[in-house]
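Peer 1: coords please:
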Amino acid sequence: MYDFISETALTWPSLSIQWVPTGTFTNKTKDTKYSKTRNLVLTTHTSGEDMDFLKIASTQLPASVVDEGVKLTPEELETVNSRLKISKKFEQSSEINRARYEPQDPKVLATINGEGKTFVYQLDEKMNEVNKIDLKHHTVNGFGLSWNPVVKSQLLTCGDDKTVAFWDLSQSDYSKLKSLEPTKVFTTHTDIVNDVKWHNFDGFTFGSF
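Peer 2: Presented below is the predicted three-dimensional model:
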């Protein structure tokens with residue numbers, strides 16, 4: 001049924017995971033004839049039993065999975081070390097419900113956690129933190145987080161406070177911005193807002209529920 005299956009037991013559950021585009025970060029593990037190294041973003045949910053982190057991980061995928069037309073023998077597949085390796089982690093005060101990279105710049109990552117705290121991280125190619133921006137609005141649990149795929153630097157968040165917040169980070173240089181308040185807050189909902197999502201092709205339309 002599958003070309004390839006990899007299993008890694010995490011120390012804590014992850015509520016969010018996303019592959020990062022190829023070439024976003026420099027990996028210590030290089031590509032080989034049989035494998036390609038890829039990055040992904042994941043989070044932790046420790047239920048308060050340990051520190052929570054935003055994590056960047058790497059794993060090796062068989063070249064036959066990544067490159068069309070490549071075929072590997074069973075012996076060649078065994079040389080691929082597909083276990084997840086944590087390359088970098090960033091501390092947070094609560095479980096992170098969602099983490100997403102900005103489509104126009106994958107080195108920019110946004111998170112929203114169980115306290116409603118929302119952060120935007122600007123990283124360099126070596127995964128070092130260049131800046132961290134505190135987006136100040138939600139004060140209770142938040143799940144929804146969506147970057148505008150059409151208009152750069154626009155972000156939507158939502159949470160149990162019944163609001164949807166719109167953030168425009170294009171007004172300032174990421175590297176100089178330390179905190180930001182929402183450009184607009186939508187209060188249409190009468191109950192918690194579970195998720196929010198930009199339209200894939202229209203940069204002025206989004207949905208929430």
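Peer 1: in this structure, which spans are helices?
Peer 2: Using DSSP state H, the helices of the chain run over 63-66, 74-77.
Peer 1: How many neighbouring residues does Thr139 have?
Peer 2: 12 (other Cβ atoms under 10 Å). C-beta here means a position set from N, CA and C on the backbone, and glycine is covered the same way.
Peer 1: again with Val80
Peer 2: If we define neighbours as other Cβ under 10 Å, then Val80 has 21 of them.
Peer 1: Report the buried residues of the least confident helix or strand in the chain by mean pLDDT.
Peer 2: Least confident helix or strand of the chain, by mean pLDDT, DSSP states H and E, is helix 74-77 with a mean of 89. For helix 74-77, a neighbour-count test (16 or more other Cβ atoms under 10 Å) marks 76-77 as buried.
Peer 1: Can you tell me the strand partners of the longest strand along the chain and which way each runs?
Peer 2: For the chain, the strand that runs over the most residues, judged by DSSP state E, is strand 52-62. Here strand 52-62 is paired, per DSSP bridges, with strand 35-43 (antiparallel), strand 85-92 (antiparallel).
Peer 1: tell me the most buried of those?
Peer 2: strand 35-43 (a mean of 21; mean count of other Cβ atoms under 10 Å).
Peer 1: chain center to it, what's the gap?
Peer 2: Mean C-alpha position of strand 35-43 versus that of the full chain (Cα atoms, centre = their mean, to the nearest Å) differs by 11 Å.
Peer 1: Show me the shaky parts of the protein.
Peer 2: Residues of the chain meeting the criterion pLDDT under 70: 172.
Peer 1: if we can go back for a sec, of the strands paired with strand 52-62, which is nearest Leu155?
Peer 2: strand 35-43 (15.5 Å; Cβ to Cβ).
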